[in-house]
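Engineer: Predicted coordinates and the sequence they were generated for:
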Amino acid sequence: MTESREVPGIGFIGIGAMGSRMAQRLLAAGYPLTVYNRTPAKAQPLLAQGAQVAASPQALAASSEIILLSLADDAAVESVFLGRDGFLAAARPGTICVDMSTIAPATSRAIAEAARQNDVAVLDAPVSGSVAQVEAGTLMIFVGGDAATYRRCQPILDQLGTSFYMGPSGAGTTMKLVANALLGAGMQALAEAIVLGEKAGLNRDRLLDVLGQTAVVAPSHKGKLENARHQDYPIAFALRLMYKDFGLILGTARELAVPMPVTAAAQQISAAEYAHGREEDYSAVISLMEALAGAVPQA
């Protein structure tokens, strides 16, 4: 295909729930791909699908012209870029890195500046959406960095979803935090609304059915009503990641002197549920609000 000839060497670092599916879509589109993951076993399914597996980020950088990252947090991104085995020292001049992780805008800008000293371009390109969206190729991708670099990478991003160029370095991660502020605070509001209806005596199933029909519940939250109905919170977007993102959102707000009282309250509820130590979806705050209010869901 044309794109694979234009971009002969693509690397992908971070083969988690999202990264593995992004890599699969790129392989299915015909892109030659080299992957690296800190836990090598996670890369094995991609090996069977035709990817090459690198022994280290540096080894991946040596054979890659464009490198995509999908990592958990700022520390992981900084380590992969700048750590002892970080790829930046081995990256060839002219390499492009597309960081699809959700991190602080300040970290995105610092990484981009460090990379620039090595003649490596960095785009911050976090995604909105979860497993279902990445499998369908319908992610929303928010991009910050050099506009010409973005245009060069756009055919790759098109395989994953719809991308939006937001401005210079850090603009993509800023947009992601804006979107996730709505996601997290909106879930807290939904949890409170459900519990209000339950404690007022509304039939729970009917309450959830009608909420699902209203225009006031965001599309991203409507699917979570079934989690509440079944009192089961399988992970689509992990609570631990929402809690991490709340920290990034409020940290950025603090730097900019932006008051966000609703988001701060939502973070505290998220923290209380996260303290239980369970791996669950971020919508599990519904169960915590039910417990706090003494609203016992119907069996």
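Structural biologist: Thanks, I have it. Numbers count the residues shown, from 1 in each chain.

Engineer: what comes into contact with the strand or helix carrying L27?
Structural biologist: Using DSSP states H and E, L27 sits in helix 17-28. Applying C-beta atoms under 8 Å, 6 or more residues apart in numbering, the set of residues contacting helix 17-28 from outside is 10, 12-13, 15, 33, 35, 37, 42, 45-46, 49-51, 68, 70-71, 100, 127, 130-131, 134-135, 137, 156, 159-160. Using the backbone N, CA and C atoms, a C-beta is placed for each residue, glycine as well.

Engineer: Let's see which of these end up in strands.
Structural biologist: Counted as lying in strands by DSSP state E, out of the contacts of helix 17-28, are 10, 12-13, 33, 35, 68, 127.

Engineer: could you flag which of the contacts of helix 17-28 are buried?
Structural biologist: Buried members of the contacts of helix 17-28, counted by 16 or more other C-beta atoms under 10 Å: 10, 12-13, 15, 33, 35, 37, 42, 46, 51, 68, 70-71, 100, 127, 130, 134, 137, 156, 159-160.

Engineer: buried stuff in the lengthiest helix in the chain?
Structural biologist: Selection of the longest helix in the chain by residue count, based on DSSP state H, yields helix 171-199. Within helix 171-199, the residues scored as buried using 16+ other C-beta under 10 Å are 171-177, 179-181, 183-195, 197-198.

Engineer: Surely M166 and F142 touch.
Structural biologist: Yes. Counting by C-beta atoms under 8 Å, M166 touches F142, with 5.5 Å between them.

Engineer: Mind splitting the protein into its structural domains?
Structural biologist: Annotated domains of the chain cover 2-168, 175-293 [automatic domain parsing].

Engineer: average model confidence for the longest one?
Structural biologist: Meaning domain 2-168. Averaging pLDDT along domain 2-168 yields 93.

Engineer: For that domain, what is the distance to the chain centroid?
Structural biologist: In this view, domain 2-168 has its centroid 13 Å away from the chain centroid, taken as C-alpha atoms, centre = their mean, to the nearest Å.

Engineer: And the last one, by the same measure?
Structural biologist: Distance, stretch centre to chain centre, for domain 175-293: 17 Å (C-alpha atoms, centre = their mean).

Engineer: what mean pLDDT does it have?
Structural biologist: Mean pLDDT, computed over domain 175-293, is 97.

Engineer: what's the span of that domain, first residue to last?
Structural biologist: Taking C-alpha to C-alpha, to the nearest Å, domain 175-293 runs 34 Å from one end to the other.

Engineer: Save the ones in strands among the contacts of helix 17-28 as JSON lines, and put in distance to A228 too.
Structural biologist: Compiled in JSON lines, the ones in strands among the contacts of helix 17-28 are given as follows (distance: C-beta to C-beta, whole Å):
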{"residue": "I10", "distance to A228": "40"}
{"residue": "F12", "distance to A228": "35"}
{"residue": "I13", "distance to A228": "36"}
{"residue": "L33", "distance to A228": "39"}
{"residue": "V35", "distance to A228": "37"}
{"residue": "L68", "distance to A228": "35"}
{"residue": "V127", "distance to A228": "26"}
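
Engineer: What distance do you get for I96 to N227?
Structural biologist: To N227, I96 is 39 Å away according to C-beta to C-beta, to the nearest Å.

Engineer: buried set for the helix or strand hosting N227?
Structural biologist: Using DSSP H and E, the element containing N227 is helix 224-230. Along helix 224-230, these residues count as buried under the neighbour rule (16+ other C-beta under 10 Å): 224-225, 227-229.
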